[in-house]
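Asks: Turn this into a model:
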Amino acid sequence: MSQKLEATAEIQSSADKFYGFFKNRMSDLVNIFPAGFKSAQVIEGHEGSVGAVLLYNFVAGGITQTVTLRTEAINDEQRTVTYKPLEGDVLKLYPSYQFTIAVSDGSVKWTIEYEKALPVVPPPEIYMVLALGCTKAVDAYLLLSH
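Replies: Reported below is the predicted structural model:
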């Protein structure tokens, strides 16, 4: 059974710039949020396009993990991007998993849709903590650089 985990965070930067970052430049998280992201590499396609595939090494819950993410959907009008892992550590606990970022003026909403591998598996809160850390880091970066 599919479940959802949602969180909203305030941002001070421009919604268009924030959305543009997560649509087109997510691999730059390595430079902007090095505590969370250790490496990023485009495997297939181009960032900013549906079907693009990137390989990330990241830290969640104090554990270094890898994930190969595909951009599943982009909606410029609603400023949403949906990503889905193709391979990686997250799929061991959540065989069905995807996350969406929705940017509006003054806030960002993260939604993780998932299915647990076993009933005892906890909700993917460590990944939400990482997403909220990304939000703070990118917001600060955009405010300082633009």
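
Asks: ok, the residue nearest in space to the middle of the chain - contacts?
Replies: Geometric centre of the chain, nearest residue: Ala131, 5.8 Å, by Cα atoms, centre = their mean. Ala131 sits next to Ala7, Phe99, Ile101, Trp110, Ile112 when contact means Cβ atoms under 8 Å, 6 or more residues apart in numbering. All C-beta atoms are positioned from the backbone trio N, CA, C, and that covers glycine.

Asks: Throw those residues into JSON lines and include pLDDT, distance to Phe22 and neighbour count, thanks.
Replies: As requested, the contacts of Ala131 are arranged in JSON lines below (pLDDT from 0 to 100; distance: Cβ to Cβ, whole Å; neighbours: other Cβ atoms under 10 Å):
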{"residue": "Ala7", "pLDDT": "98", "distance to Phe22": "15", "neighbour count": "15"}
{"residue": "Phe99", "pLDDT": "98", "distance to Phe22": "11", "neighbour count": "22"}
{"residue": "Ile101", "pLDDT": "98", "distance to Phe22": "5", "neighbour count": "22"}
{"residue": "Trp110", "pLDDT": "99", "distance to Phe22": "10", "neighbour count": "20"}
{"residue": "Ile112", "pLDDT": "98", "distance to Phe22": "15", "neighbour count": "21"}
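
Asks: and of those residues, the nearest to Leu144?
Replies: Ile101 (20.7 Å; Cβ to Cβ).

Asks: for the strand or helix carrying that closest one, the distance to its chain's centre please.
Replies: Per DSSP states H and E, Ile101 falls inside strand 96-104. Distance of strand 96-104 from the chain centroid (Cα atoms, centre = their mean, to the nearest Å) equals 7 Å.

Asks: Which parts of the chain are helices?
Replies: Remark: helices assigned in the chain by DSSP state H are 15-24, 29-32, 90-93, 125-145.

Asks: mind saving the C-alpha coords of the third one as PDB?
Replies: Yep, that's helix 90-93 we're talking about. Extracted C-alpha coordinates of helix 90-93, given in PDB (Å, rounded to 0.1, in the frame of the first residue of the first chain):
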ATOM      1  CA  VAL A  90      16.600   3.600  -0.700                       C
ATOM      2  CA  LEU A  91      15.000   0.800  -2.800                       C
ATOM      3  CA  LYS A  92      16.200  -1.800  -0.300                       C
ATOM      4  CA  LEU A  93      13.700  -0.400   2.300                       C
END
